[in-house]
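Asks: give me coordinates for this.
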Amino acid sequence: MRRLFLFLALAVGISACQISTKPLPFQVSMTLSKTAGAPGDTIGVLVTAQGGRILNIQCDFADGDPLAFPTGGARTAQALFPHVYNTAGNYTVTVTVTDGNEGDKVLTNVVHIQ
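Replies: Purely as a prediction, here's the structure:
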């Protein structure tokens, strides 16, 4: 009887300690440190994401090669992408977050460099 009680207590304890791995709702946010500046200024893009399996966060600054941050299937991720614009103009910053369960979410924002 003691063994049965000990076994049940252990089984209940183990099941209570298991961590949930249910996917989170796929949500993405993008925050720019500023939306206007002068040539040579640094603009920071902060991306926060959650989902089932976040695989990659990509940021395209519209003036060259995009930057990527692989996340390896995390449920939550945050990445900061700093960038310097050297030429005046209006640039559409595009963030793409890829979730292995839900596909891609794309966010955009415009930066004015004068």
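Asks: now the helices: where do they sit in the protein?
Replies: 2-17 (DSSP state H).
Asks: okay, and the helix or strand of it with the least pLDDT?
Replies: None of the helices or strands of the chain scores lower by mean pLDDT, DSSP states H and E than helix 2-17, at a mean of 42.
Asks: nearest residue to Ala88 other than its sequence neighbours?
Replies: Distance criterion Cβ to Cβ, 6 or more residues apart in numbering; nearest residue to Ala88, sequence neighbours excluded, is Ile113 at 5.1 Å. C-beta coordinates here come from the backbone N, C-alpha and C atoms, glycine included.
Asks: and for His83?
Replies: Leaving aside its chain neighbours, His83 sits nearest to Phe61 (4.8 Å; criterion: Cβ to Cβ, 6+ apart).
Asks: pull the contacting residues for the residue nearest the centre of the chain.
Replies: Nearest to the mean C-alpha position of the chain, counting by Cα atoms, centre = their mean, stands Ala49 at 3.3 Å. Residues near Ala49 by Cβ atoms under 8 Å, 6 or more residues apart in numbering: 26-29, 57, 71, 76-78, 97, 99, 105.
Asks: next one: the nearest residue to Glu102 once chain neighbours are set aside, what pLDDT does it get?
Replies: Nearest residue to Glu102 in three dimensions, chain neighbours excluded: Phe26, at 4.2 Å (Cβ to Cβ, 6+ apart). With respect to pLDDT, Phe26 scores 97.
Asks: then Ile54?
Replies: Ile54 carries a pLDDT value of 97.
Asks: verify the stated contact: Asn90 with Val111.
Replies: Yes: under the criterion of Cβ atoms under 8 Å, Asn90 is in contact with Val111, at a separation of 7.3 Å.
Asks: the more surrounded of the two?
Replies: Val111 (23 against 11; other Cβ atoms under 10 Å).
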